[in-house]
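S.K.: 3D model of this:
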Amino acid sequence: MALKKSIAREGKLLVLEHTSRVLQGNALGDPHVRKLAVWLPAEYDEGASRGRGKRFPVLFDLVGFTGSGLAHAGWKPFGPNVPERVARLIHERKMPPVILVFPDCFTRLGGNQYVNSSAIGRYGDYLVKELVPFVDRELRTLASRDHRGCFGKSSGGYGAIVHAMKYAKTWGAIADHSGDAYFDMVYRTGWPETLDLLMKHRTPKRVEGAFDVRAAVRSKKMLAEGKDDGRVEAFLNSVWKKEKLSMAEGHAIMNVCMAATYDPDPKAPLGFRLPFHLETGALLEDRWKRWLVHDPVHMVPHYEKELASTRGIYVDTGWSDQYFIHYGARQLSLALAEAGIKHRYEEFPDNHSDIDYRMNVSLPFLAKALA
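M.R.: Here you go, the predicted model:
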């Protein structure tokens, strides 16, 4: 049986190098010189040799936790990568041509949420103050927010919706696929397993027998302030030596990364605070309040004007999301609706994993809004 060959024009993938001043000297010691993948549609070269090259809208792809932009432009089994998908959508006339940008925002903590944090780096500023101007200088973009958008899934979806609030002058439209929202459910439920894992790195080690909890709490008063007593640092040092993390370790470093994102404190060990007492597992209410400030569900009322100024907001989620993000997405959609903010919200019969096919809906939505 002959396979049907695609006749979509592939476009061109460039890998540029960008030296960041914003990321230089970041607390994690992550590189400030980064690769930046850019995909140009086949239409980009038309007329360019005569000096009359057309300009195009731009879409920034914000990948999820543990990902990096170049991964979305690489080979993908059983389906197209993002440039191949967009080339097909353009060929099928489901969307107009766009330029795609794939930033590298990976960190030693597995990623980030595309916001500024003294404990991780100024990745919000990195995107809007450095990469956006860099791309506009180097390529024939339609260099205005009305022709520029961003999209992402999971942490990338979170980044997209938060950027629509905090950086509305940069982004004209966004797409949020299964983005982190409703922190009381999506994050809190995963911490008990993380606390157990961190306990393995406690000093001194636990021993069988009587355990004076009150004495343990009194001897480590710093834990009540959300500070590390050395076990988080020991955990990080252990996973940084590995090439393969267990599922529990992957979730634990994600929770640590979120703590560094939502509750940074340069004066605390490791530069951030934790939302749970590492010994008793008690929720530290004052610390948790700092997380909730960054919850998109709670942010909407504070950014109604910015959100209303966008040319398009797209949100979707699978209704069987294993991290229960569908509940957060529904609350986000409700908050947007109650604020009178026009948006498109969809659900589909799937979970959190391998849902790139949803870009078949979101990317034409964005491209048409920004054309």
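
S.K.: just the helices in the stretch 101-250 of the chain please.
M.R.: Using DSSP state H, counting those that start in this stretch, the helices of the stretch 101-250 of the chain run over 123-125, 132-138, 155-166, 183-186, 191-199, 213-219, 231-239, 247-262.

S.K.: and the next helix or strand past the longest one?
M.R.: The first helix or strand that comes after helix 247-262 along the chain, using DSSP states H and E, is helix 285-292.

S.K.: tilt between that following helix and helix 247-262?
M.R.: Inter-element angle recorded for helix 285-292 and helix 247-262: 90 degrees (by axes from the mean of the first three to the mean of the last three Cα atoms, to 10 degrees).

S.K.: quick one: mean pLDDT for helix 285-292?
M.R.: For helix 285-292, mean pLDDT rounds to 98.

S.K.: whatever helix or strand comes next after it packs against which elements?
M.R.: Helices and strands here follow DSSP H and E; after helix 285-292, the next one along the chain is helix 296-299. Helices and strands touching helix 296-299, by 3 or more Cβ pairs under 8 Å, 6 or more residues apart in numbering; DSSP states H and E, are helix 155-166, helix 325-338. (Glycine included, C-beta is placed from N, CA and C.)

S.K.: I'd like the helices of the stretch 101-250 of the chain as JSON lines, with distance to Val315, mean pLDDT and mean neighbour count appended.
M.R.: Output for the helices of the stretch 101-250 of the chain, formatted as JSON lines (distance: least, Cβ to Cβ, whole Å; pLDDT from 0 to 100; neighbours: other Cβ atoms under 10 Å):
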{"stretch": "helix 123-125", "distance to Val315": "20", "mean pLDDT": "98", "mean neighbour count": "21"}
{"stretch": "helix 132-138", "distance to Val315": "23", "mean pLDDT": "98", "mean neighbour count": "16"}
{"stretch": "helix 155-166", "distance to Val315": "7", "mean pLDDT": "98", "mean neighbour count": "27"}
{"stretch": "helix 183-186", "distance to Val315": "15", "mean pLDDT": "97", "mean neighbour count": "18"}
{"stretch": "helix 191-199", "distance to Val315": "26", "mean pLDDT": "97", "mean neighbour count": "17"}
{"stretch": "helix 213-219", "distance to Val315": "42", "mean pLDDT": "91", "mean neighbour count": "11"}
{"stretch": "helix 231-239", "distance to Val315": "32", "mean pLDDT": "98", "mean neighbour count": "17"}
{"stretch": "helix 247-262", "distance to Val315": "20", "mean pLDDT": "98", "mean neighbour count": "21"}
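
S.K.: format these as TSV; extra columns: distance to Trp288.
M.R.: Listed next are these as TSV, based on distance: least, Cβ to Cβ, whole Å:
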stretch	distance to Trp288
helix 123-125	22
helix 132-138	33
helix 155-166	18
helix 183-186	8
helix 191-199	10
helix 213-219	19
helix 231-239	17
helix 247-262	9
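
S.K.: so what touches stretch 205-212?
M.R.: Met199 (Cβ atoms under 8 Å, 6 or more residues apart in numbering).

S.K.: start to end distance for it?
M.R.: Distance across stretch 205-212, first residue to last, is 14 Å (Cα to Cα, to the nearest Å).

S.K.: sorry, back to before: quick one: closest of the helices of the stretch 101-250 of the chain to Ile90.
M.R.: Closest approach to Ile90 among those is made by helix 132-138 (19.1 Å; Cβ to Cβ).

S.K.: show me what the closest one is packed against.
M.R.: Using 3+ Cβ pairs under 8 Å, 6+ apart: helix 132-138 touches strand 33-40.

S.K.: CA atoms only for the strand it packs on, dumped as CSV, please.
M.R.: Extracted as CSV, the C-alpha positions of strand 33-40 are listed here (Å, rounded to 0.1, in the frame of the first residue of the first chain):
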residue,chain,number,x,y,z
VAL,A,33,23.6,32.2,25.7
ARG,A,34,20.7,30.3,24.2
LYS,A,35,19.7,28.7,20.9
LEU,A,36,16.5,30.1,19.4
ALA,A,37,14.7,28.1,16.7
VAL,A,38,12.7,30.0,14.2
TRP,A,39,10.5,28.5,11.5
LEU,A,40,9.8,30.6,8.4
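
S.K.: ok so, going back, between the helices and strands packed on helix 296-299, which one is nearest to Gly230?
M.R.: Ranking the helices and strands packed on helix 296-299 by proximity to Gly230 (Cβ to Cβ) places helix 155-166 first, at 27.4 Å.
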